[in-house]
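Asker: Sequence plus predicted model, see below.
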Amino acid sequence: MSRIKIDEARCTRCGKCIRVCPLGLLKGDANTATYLPSSGDAVCIACGHCLAACPRSAIAIDNVAPEACEVADVPLPGFEDVRRLVMRRRSMRLYQQRPVPKDEIARLIDAVRWAPTARNNQQVGWVVVMQPERVREAAGQVVEFLRARQEVPALTSAWDHGYDMVLRGAPHLVIAHGPAETGWSATDCAIALTTFELLARSAGLGTCWAGFFTWAASGQPSIAEALGVPEGHKAYGALMLGYPLSAVLRVPPRKEASVHWV
Ligand SMILES: Cc1cc2nc3c(=O)[nH]c(=O)nc-3n(C[C@H](O)[C@H](O)[C@H](O)COP(=O)(O)O)c2cc1C
């Protein structure tokens, strides 16, 4: 069955959907309502650009009616607002110990569904570690992974002295995973986590990339599996998460962008 359904009665043959289809799959002209030939159905990635462009709400995708899709009529935040959000996103390494409500985290993950994925495959999955004890347990496993390989002695030594440089005592850990060995999983997960991080900042939460965790989870997949990353999937990135204890009072400098204009 076709992923795209076009309501012929509503279609005005304006051709807007045909022009925005990234794969050029839709057909039709001034006399024929738009249609998706069967040859195109297997190729269609259901990105929804046709639905988004149709002024007559004539296109449904995967049986989701256009009326069920959010109307894009509220003005977007301006450049300055988004710039400020990007510049004031910081790695938070000091967290309050009060938990972040599950609903709040779910709200962020829900919004990340609209972050781009290669071929619109939408295969990023999440593991959210809600229990601080489980986060600490994972940090301990990362320490032992590094210790066994004699990596980052400062980190293992800090752990032995009661300081967690791996997950910084964060109450939660948010892991993004995707099918292992597929070309774009790592990129899709990085985009998803980056989007999550910005949303979290806008919601008053603090995050920090958990690079040591990702390193260890890659070298010793049992660490991720124990937390529920499914078989065949790999943890491509993770964020510590909690309510921040520290404030961002100034924006520190960064290197000039290296750009070659052609
Ligand atoms: C892929 C990646 C892995 C990171 N891993 C860690 C980590 O394991 N622990 C940590 O404290 N910070 C980690 N960071 C945070 C960086 O140190 C931080 O982004 C950088 O110093 C810039 O600071 P800012 O994020 O506050 O702007 C990581 C960042 C990235 C992008």
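Answerer: Good, I have the coordinates. Residues are numbered from 1 along each chain as shown.
Asker: Any residues of the stretch 101-250 of the chain in contact with the ligand? List them.
Answerer: Cys208, Trp209, Ala210, Gly211, Phe212 (Cβ under 6 Å from any ligand atom). In this view, the C-beta of every residue, glycine as well, is placed from N, C-alpha and C.
Asker: dump the residue contacts of the third one.
Answerer: Put plainly, it is Ala210. Val166, Leu167, Leu173, Gly237, Ala238, Leu239, Met240 (Cβ atoms under 8 Å, 6 or more residues apart in numbering).
Asker: can I get those in a markdown table with distance to Asp62, secondary structure and pLDDT?
Answerer: Putting these into a markdown table (distance: Cβ to Cβ, whole Å; DSSP: H, G, I helix; E, B strand; the rest coil; pLDDT from 0 to 100) gives the following:
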| residue | distance to Asp62 | secondary structure | pLDDT |
| --- | --- | --- | --- |
| Val166 | 40 | coil | 98 |
| Leu167 | 38 | coil | 98 |
| Leu173 | 32 | strand | 98 |
| Gly237 | 28 | strand | 98 |
| Ala238 | 30 | strand | 98 |
| Leu239 | 29 | strand | 99 |
| Met240 | 35 | strand | 98 |
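Asker: ok, and what's touching the lowest-mean-pLDDT helix or strand in the chain?
Answerer: In the chain, the helix or strand scored least confidently by mean pLDDT, DSSP states H and E is helix 38-41, which has a mean of 91. With contacts defined as Cβ under 8 Å, 6+ apart, helix 38-41 is touched by Ser2, Arg3, Ile4, Leu23, Leu25, Leu26, Lys27.
Asker: which residues are contacting the next helix or strand after that helix?
Answerer: Sequence-wise, the next helix or strand downstream of helix 38-41 (DSSP states H and E) is helix 49-53. Here helix 49-53 makes contact (Cβ under 8 Å, 6+ apart) with 4, 16-22, 26, 34, 59-61, 66, 69, 72.
Asker: Any of the residues you listed buried? List them.
Answerer: For the contacts of helix 49-53, a neighbour count by 16 or more other Cβ atoms under 10 Å gives the buried set as Ile4, Cys17, Ile18, Val20, Cys21, Leu26, Thr34, Ile59, Ala60, Ile61, Pro66.
Asker: So for the least confident helix or strand of the chain, what gets flagged as buried?
Answerer: Those would be Gly40, for helix 38-41 by 16+ other Cβ under 10 Å.
Asker: Run the chain-centre distance for it.
Answerer: A distance of 30 Å separates the C-alpha centroid of helix 38-41 from that of its chain, computed with Cα atoms, centre = their mean, to the nearest Å.
Asker: quick revisit: any chance of a markdown table for the contacts of Ala210, columns neighbour count?
Answerer: Formatted as a markdown table, the contacts of Ala210 follow (neighbours: other Cβ atoms under 10 Å):
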| residue | neighbour count |
| --- | --- |
| Val166 | 29 |
| Leu167 | 27 |
| Leu173 | 25 |
| Gly237 | 24 |
| Ala238 | 29 |
| Leu239 | 25 |
| Met240 | 27 |
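Asker: returning to what we had before: tell me the two of the residues of the stretch 101-250 of the chain next to the ligand that are most distant?
Answerer: Cys208 and Phe212 (10.8 Å; Cβ to Cβ).
Asker: can you list residues touching both of the two?
Answerer: With Cβ under 8 Å, 6+ apart, Cys208 and Phe212 have no common neighbours.
Asker: does the residue nearest to Leu199 when sequence neighbours are not counted sit in a helix or strand, and which one?
Answerer: Nearest residue to Leu199, sequence neighbours excluded (Cβ to Cβ, 6 or more residues apart in numbering): Leu108, at 4.7 Å. Applying DSSP H and E as the criterion places Leu108 in helix 102-112.
Asker: How about residues contacting that helix?
Answerer: So helix 102-112 is in contact with 124, 126, 128, 130, 172, 174, 192, 195-196, 199-200, 203, 205, 241, going by Cβ under 8 Å, 6+ apart.
Asker: List the buried residues of that helix.
Answerer: Those would be Ile105, Leu108, Ile109, Val112, for helix 102-112 by 16+ other Cβ under 10 Å.
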